[in-house]
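# can you look at this prediction? I've put the sequence above it.
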Amino acid sequence: MTDSKPATAAPGTLAATAAPGTNPVAASPAGARTAADVVTPEVVARLVRGLVGSGRTANHSPFTGGKLADLPESTPEDVASAFERARAAQPGWAGLPVRQRAAVLLRFHDLVLERQAEVLDLIQLETGKARLHAHEEVQAVAVVARHYGLKAPAYLRPKRHLGAVPVLTKATELRQPRGVVGQISPWNYPFELSVGDALPGLVAGNALVMKPDTETALTALWGRDLLIEAGLPAEVFQVVLGEGPVVGPEIVAHADYVSFTGSTRTGREVARGAADRLVGVTLELGGKNAMLVLADADVEKAAEGAVRACFSSAGQLCVSIERLYVHESVADAFTERFVARTKAMRLGNSLAYGAEMGSLAGERQLEAVTRHVEEAVEKGATVLAGGVARPDIGPLFYEPTILEGVEAPMAVCAEETFGPVVSLYRFGSEDEAIDLANALPYGLNASVWTTDAARGHRVAARLRSGTVNINEGYASAYGSVRAPMGGMKDSGLGRRHGSEGILKFTEAQTVAHQRLLPMAPSMGLDDERYAALMSRSLRVMKILRLR
Ligand code: NAD
């Protein structure tokens, strides 16, 4: 296995500074399925049924680089036509009682769990991730389907409010669907960030035109197919495929609301497009997430948690940890454990459980990871684990990597790598750690490790980060689906999950019904006596604490 690493290297280059150990390869079970067993022509024909696309494109598996499927590609005219079809189907769907729409999500929930093996294979084939990490997506989609399947009727119920004149004015807030939501999704969590994120908008009565990333389109299409099996009218959920800079702006140009997940750079473009049309937008963007290991942390548990937090889905996770700040009093003990665990991680490419990390998803990711690590090493950083590609396992495999001695001018210090690379830093005081964690323009996720719960909450409240996990890397906050999830600062706008995650897909409409008396002088009152009466009433309303 060491063959894959450069045998000789000049002093100061990556190979010379990389740790000599290589990660072991997970055994592939005999008779394991291959891409040809999973992505059959029949499966592809079933999944692309109804797609609006007059061109041709294809997607590929990171495990081998080989083609997975030929797929229809949409032109701008095709996107317009998909919106027309969705728009025509939307009123019928919105006209169903909300409980009926919610029942589709609950059936979908059961189908996802029953048929998970199919989607786990697709997720693995399209992203290259380990099966355990693919299962995170199954869990996340099931959680969202259950939550909105059970809670949507309560979230969307008409709400009575105190009227302008108590008793005489009856005010009701209705939640109207926006119409057709345009959704643009990335490749890294292709089930959860496509179909999972679509569920609240659908149950709120919207139709949908989705643009998943072409390289992970089969997973999104599988989810759409299963939703249709669960009872969603097919025309309500349209999918279009194609190049982001071509198809993406067309989505923004037609949608009544835009739901975007991807990089901060593209998010800004999407926001500009939505602003021009005065339509709402949610932006779930990038991060450079920090983990703080405080002086009183359990270092064993923190090291184990850091492995998951940094290397799940090979670090191609928006909430992944890329900056690790450790108190100087526990830094040696933590580092020793973290490095040992990281070097022992099993890498693998089979459609079975067993590997602790899979492949990177694309050439672009491998290039970014290699560039960040090589530049850091050239400028003086040290590789404590990993730091090398593993073409012996697959063309896009890269070892889980720990860097030390990273400093400001290195790109890896402040830019999102979106790969299995974490930088270790030491700190002396809690204030210093908080300042370092807050120093970047991102604010998506953070993690704090301590044995003192009160201290953990105190530190969390001072972090400018949309989610903070105490004694966990990212899964506790992400999985707490009743609570909002999203980014502060350059990491986004708006939230998924909870009430915010569904109400954003609706327009609030206030219907006020005036009874018995008008909101004006009446019953012989002249203007002056009416004004005096209203002033007295306002004082009384405050005394009675009518809110
Ligand atoms: P990306 O911005 O390159 O692409 C995201 C999507 O936008 C893709 O479907 C792409 O085809 C499309 N797109 C590209 N150009 C477009 C344009 N001009 N107009 C409209 N759409 C366009 O991001 P990516 O590399 O696919 O995904 C990785 C990024 O996503 C990382 O920065 C990661 O942190 C972020 N992310 C964020 C979250 C979150 O919840 N905050 C979740 C997952 C990923």
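Ah, there it is.
# tell me the pLDDT at the residue most central in space within the chain?
Closest residue to the average C-alpha location of the chain: L193 at 5.5 Å, with C-alpha atoms, centre = their mean. The confidence metric pLDDT takes the value 98 at L193.
# what about the residue in the stretch 251-400 of the chain that the ligand sits nearest to, how many neighbours?
In the stretch 251-400 of the chain, no residue comes nearer to the ligand than G262, which is 2.6 Å away by C-beta to the nearest ligand atom. C-beta: built from backbone N, CA, C; applies to glycine. If you count neighbours by other C-beta atoms under 10 Å, G262 ends up with 23.
# let me see the ranges of the strands in the stretch 51-200 of the chain.
55-60, 67-73, 159-162, 169-177, 180-184 (DSSP state E, counting those that start in this stretch).
# actually the stretch 201-350 of the chain, not the one I typed
207-211, 237-239, 257-261, 280-284, 289-293, 321-327.
# count the neighbours of the closest residue to the ligand within the stretch 51-200 of the chain for me.
As assessed by C-beta to the nearest ligand atom, the ligand sits closest to P186 within the stretch 51-200 of the chain, at 3.3 Å. By other C-beta under 10 Å, 23 other residues sit near P186.
# and the spatially closest residue to it that is not a sequence neighbour, how far from Y189?
Nearest non-adjacent residue to P186, counting by C-beta to C-beta, 6 or more residues apart in numbering: G262, 4.7 Å away. To Y189, G262 is 12 Å away according to C-beta to C-beta, to the nearest Å.
# for the residue of the stretch 51-200 of the chain closest to the ligand, list the residues it contacts.
Residues near P186 by C-beta atoms under 8 Å, 6 or more residues apart in numbering: L193, D213, T261, G262, S263.
# give me that answer again for 6 Å
Contacts here follow C-beta atoms under 6 Å, 6 or more residues apart in numbering; on that basis P186 touches D213, T261, G262.
# closest to A361 among the residues you listed?
D213 (9.2 Å; C-beta to C-beta).
# burial of the spatially closest residue to the closest one that is not a sequence neighbour, as a residue count?
Among residues not flanking D213 along the chain, W187 sits closest, at 3.8 Å (C-beta to C-beta, 6+ apart). Neighbour count for W187, taken as other C-beta under 10 Å: 24.
# let me see the contact set for W187.
W187 touches D213, E215, T216, A361, counting by C-beta under 6 Å, 6+ apart.
# for the last one, helix, strand, or coil?
With DSSP: H, G, I helix; E, B strand; the rest coil as the basis, the three-state label of A361 is coil.
# my read: it touches P62, true?
Yes. Between A361 and P62 there is a contact under C-beta atoms under 6 Å: 5.2 Å.
# identify the contacts common to the two.
What both A361 and P62 touch, as defined by C-beta under 6 Å, 6+ apart, is the set G128.
# and P521, how far is that from L533?
9 Å.
# actually G196, not the one I wrote
55 Å.
# so between these two, which is more surrounded?
G196 (23 against 12).
# residue contacts, the more buried one?
G196 neighbours (C-beta under 6 Å, 6+ apart): A140, V141, V144.
# Serialize these to CSV and add fields for pLDDT, neighbour count and distance to the ligand.
Supplementary listing: these in CSV, determined by pLDDT from 0 to 100; neighbours: other C-beta atoms under 10 Å; distance: C-beta to the nearest ligand atom, whole Å:
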residue, pLDDT, neighbour count, distance to the ligand
A140, 98, 21, 11
V141, 98, 28, 14
V144, 98, 24, 13
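# for D431, state which of the residues you listed is nearest.
A140 (34.7 Å).
# list the contacts for the residue nearest to the closest one when sequence neighbours are not counted?
Leaving aside its sequence neighbours, A140 sits nearest to E192 (C-beta to C-beta, 6+ apart; 4.4 Å). By C-beta under 6 Å, 6+ apart, the residues touching E192 are E137, A140, V141.
# I'd like to know which of the residues you listed are part of helices.
Under the assignment DSSP state H, the contacts of E192 contribute E137, A140, V141 to helices.
# and the first one, how many neighbours?
The reference is to E137. 28.
# surely it meets L193?
No. E137 is beyond contact range of L193, at 8.5 Å (criterion: C-beta under 6 Å).
# enumerate the residues of this protein near the ligand.
184-189, 193, 211, 213, 244-245, 248-249, 261-263, 266, 269-270, 284-287, 318, 416, 418, 444, 487, 492 (C-beta under 6 Å from any ligand atom).
# do that again at 5 Å, thanks
184, 186, 213, 244-245, 248, 261-263, 266, 269, 284, 286, 318 (C-beta under 5 Å from any ligand atom).
# any low-confidence regions in the stretch 151-300 of the chain?
In the predicted model of the stretch 151-300 of the chain, no residue satisfies pLDDT under 70.
# same question, the chain
Scanning the chain residue by residue, the ranges that satisfy pLDDT under 70 are 1-21.
# picking that back up, redo the strands of the stretch 51-200 of the chain as a markdown table? Include mean neighbour count.
Output for these, formatted as a markdown table (neighbours: other C-beta atoms under 10 Å):
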| stretch | mean neighbour count |
| --- | --- |
| strand 55-60 | 15 |
| strand 67-73 | 19 |
| strand 159-162 | 12 |
| strand 169-177 | 16 |
| strand 180-184 | 28 |
